[in-house]
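Trainee: From the sequence below, what's the structure:
(chains A and B)
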Amino acid sequence: MASKNKIGQTLLNIIFVLLCIAAVAPFLLLLSSSLTDEETLLREGYNFIPTRFSLQSYEYLMGSAAKITKGYGITVLVTMVGTVAGMFMTILFAYPLSRRELPKRTFFSFFVFFTMLFNGGLVPTYMMWTQTFHIRNTIWALIIPGLLMNGFNIIMMRSYFNASIPNELIEAARMDGAGEYRVLFQVVIPLSKPMIATIGLMIGLRYWNDWTNSLYYVTDESLYSIQAILNTMISNIQFLSSGQAAGSAYSAANLPSVGIRMAIAVIGIIPILCIYPFFQKYFVKGIVVGGVKG
Amino acid sequence: MTDTLTKMQKKGGMKGKTKTSLALISMMLPGMIYLVINNYIPMAGLVVAFKSFDYSKGIWGSGWAGLGNFTYLFKTQDAFNIVRNTLLYNVVFILLGNMLAITVAVMLNFLRGQVNKKVYQTLILIPYLISMVVVSYIVYGFLSMDNGFLNKLIETFGGTAVSWYTQPKYWPFILTLVHLWSGFGYSSIVYYATVIGIDSSLYEAASIDGANVWEQVWHITLPGLRMTIITLVLMAMGRMFYSDFGLFYQVPMRSGLLSGATDTIDVFVYKALTQLNDVGRASAAGLLQSVLGFFMVLTANLIVRKVDSDSALF
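Mentor: Below is the predicted model of the structure:
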């Protein structure tokens, strides 16, 4: 029985190692290709092992492409501003919803909830942002539409406040003369750090990875984030390989070489992969809380 | 005397109450404004589907088109194609995705040792963290006609390179694989959270009674997961008319030759709006998606509530 168990455990471990390889190996293809010499890439194709190691793709990115640095700057700025603003708005909205003193609480809850059931979709959204708010080619286009706040996060935050902040604590603080804002910022928020971290990470991840807002609203290259740069490069690759470019002035010379493409993709994901292990706990928590209800 | 005192207290209480209400409502103001603009105005804007839209006149100024946009949409082959693709991909994704996730979650539960468990959980979640744009680069690394890993592999073994980005027949498989790859870690962890909640003494009792691993999974784990499975599947069915825009738009690298096999409603709406400049059909398809999606969620929720009222969204 014991030996059978041991075999079972070994088998399970082997399966999981394989699953992990399946999950991670594709990134190695990306990384290894970005570290391979251009000629070798053209001859042997993308590979999991850099047969001829070279940093030329990264050197090129460092040296001549101010676009990339700018893109990084935009991504970082948008992620920071968006995450901080989004967290404040989510907390400020979720906290009153968790309080019994809020008048018309059912109405406000439904107001949030309905946005999770029904939405206008792309066409009216696009027209409103572009025609009413003239958001096209402004930095706001990357921050405001869609990403700032959403129903799921509000509901998640509210449930956490409901479940984890004892009402007596709030009452006690109010007895001591604290106003509602002071109660929130000095009592409730310090007690909710794990959930706030979780929601902050979820919002931050969405900002970092977002390419749709720039796809819809940004054509000005000076506002391109890393994701937007990657996104336009795809169009160009497709344009070339579809043969439409044959004979035209547009040539492969305008495109980053095969290795540099992969290098840009790598620098787009490195920050996420670097911070992820430290915040893994919060990500998992966010998934568990949001998964079933979300 | 006591009467006036209680009256005064009451009055003070009332005043305190309005003050509290005002403070609480003022906190919600930025969020309310955002939801009205970001979510509610576009809902009203759905009427554009019944208008013959003119950019110079805007949604409200444009003339009515009745059901013209819809009849035009259904006259073209696209309507059938995108609805079929959206629904079929969703069915396959829901079936395979949940099966894979449940299997992984159950295996994770039988695994011993804290460190390896944690490492596995960390690693399988990585694909979920990456944007679909980057994923499409990875897929391109495998499938590129000239430099792709897969074609070089095929050539090494004496085969001829396949032009993956021009042949629709491969794409249902490729997209399913990419979807499973990017999502399995996430959904496994959702299921795993339920699996670890199952009373472990049940397993001990069962193994004393001589039940083997399969019998334990069949009689303890799966029944324990029943509610989660039902809820997650029904909620996913509530989103049957939606699709992951990034997966269907980015991963096929916008190859026009693949669109019959890879365009979903979301991709069509985007393309019709921005590339074909066909606001009519885009808005008609968008409205159908919103309305059908709404009814699907309501129905799914109704069923969830019947089965397990705690898991219902409302």
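Trainee: do you know how far the nearest residue to residue B:61 once chain neighbours are set aside is from residue B:117?
Mentor: Spatial nearest neighbour of residue B:61, chain neighbours left out: residue B:54 (7.4 Å); criterion: CB to CB, 6 or more residues apart in numbering or on different chains. Backbone N, C-alpha and C define where each C-beta goes, glycine included. From residue B:54 over to residue B:117 the distance is 60 Å, taken as CB to CB, to the nearest Å.
Trainee: quick one on the thing from earlier: who are the contact partners of the residue nearest to residue B:61?
Mentor: For residue B:54, the contacting residues are B:61, B:62, B:63, by CB atoms under 8 Å, 6 or more residues apart in numbering or on different chains.
Trainee: Am I right that it sits in a strand?
Mentor: No - residue state for residue B:54 (DSSP: H, G, I helix; E, B strand; the rest coil) corresponds to coil; a strand is not indicated.
Trainee: Now do the strands in chain A.
Mentor: For chain A, strands defined by DSSP state E do not occur.
Trainee: Give me the below-cutoff pLDDT ranges for it.
Mentor: Along chain A, the parts satisfying pLDDT under 70 run over A:1-4, A:63-65, A:237-256, A:290-294.
Trainee: Does residue A:136 touch residue A:214 like I think?
Mentor: No - Residue A:136 is not in contact with residue A:214 according to CB atoms under 8 Å; the separation is 10.8 Å.
Trainee: got any ranges where the stretch 51-200 of chain B has weak pLDDT?
Mentor: Within the stretch 51-200 of chain B, no range satisfies pLDDT under 70.
Trainee: Excluding sequence neighbours, find me the nearest residue to residue 51.
Mentor: Unless you meant another one, I'm taking chain A. In this structure, residue A:51 finds its nearest non-sequential neighbour in residue A:40, 5.6 Å apart by CB to CB, 6+ apart.
Trainee: Please refer instead to chain B.
Mentor: Per CB to CB, 6+ apart, closest to residue B:51 is residue B:62, 4.4 Å.
Trainee: got it, and residue A:187?
Mentor: residue A:173 (4.9 Å).
Trainee: show me what contacts the one you found?
Mentor: A:182, A:183, A:186, A:187.
Trainee: Point out the residues in the stretch 151-300 of chain B that sit beside chain A.
Mentor: B:151-152, B:165, B:181, B:184-187, B:189-190, B:193-194, B:213, B:228, B:231-232, B:245-246, B:250, B:253-256, B:266, B:269-270, B:273-274, B:279, B:282-283, B:286-287, B:289-290, B:293-294, B:297-298 (CB under 8 Å from any CB of the partner chain).
Trainee: Select from the residues you listed every entry located in helices.
Mentor: B:151-152, B:181, B:184-187, B:189-190, B:193-194, B:213, B:228, B:231-232, B:245-246, B:266, B:269-270, B:273-274, B:279, B:282-283, B:286-287, B:289-290, B:293-294, B:297-298 (DSSP state H).
Trainee: Buried ones among these?
Mentor: By neighbour count, with 16 or more other CB atoms under 10 Å in any protein chain shown, these hold B:151-152, B:181, B:184-187, B:189-190, B:193-194, B:213, B:228, B:231-232, B:245-246, B:266, B:269-270, B:273, B:279, B:282-283, B:286-287, B:289-290, B:293-294, B:297 as buried.
Trainee: so where do the helices sit in the stretch 1-150 of chain B?
Mentor: For the stretch 1-150 of chain B, the helices defined by DSSP state H, counting those that start in this stretch cover B:2-35, B:41-44, B:58-61, B:68-75, B:77-110, B:114-124, B:132-143, B:149-156.
Trainee: Could you provide those in CSV, with additional columns for distance to residue A:152?
Mentor: Below are the helices of the stretch 1-150 of chain B laid out as CSV (distance: least, CB to CB, whole Å):
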stretch, distance to residue A:152
helix B:2-35, 13
helix B:41-44, 18
helix B:58-61, 28
helix B:68-75, 31
helix B:77-110, 19
helix B:114-124, 22
helix B:132-143, 19
helix B:149-156, 37
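Trainee: Tell me, how many residues neighbour residue 47?
Mentor: Picked chain A for this. The number of residues packed near residue A:47 is 19, by other CB atoms under 10 Å in any protein chain shown.
Trainee: Hmm, no, I was thinking of chain B.
Mentor: Residue B:47: 15 surrounding residues under other CB under 10 Å.
Trainee: got the contact list for it?
Mentor: Neighbour list for residue B:47: residue B:59 [criterion: CB under 8 Å, 6+ apart].
Trainee: Which residues are in contact with the residue of the stretch 201-314 of chain B found nearest chain A?
Mentor: Using CB to the nearest CB, the closest approach of the stretch 201-314 of chain B to chain A is made by residue B:286 at 3.9 Å. Counting by CB under 8 Å, 6+ apart, residue B:286 touches A:120, A:121, A:122, A:123, A:124, B:46, B:49, B:265, B:269.
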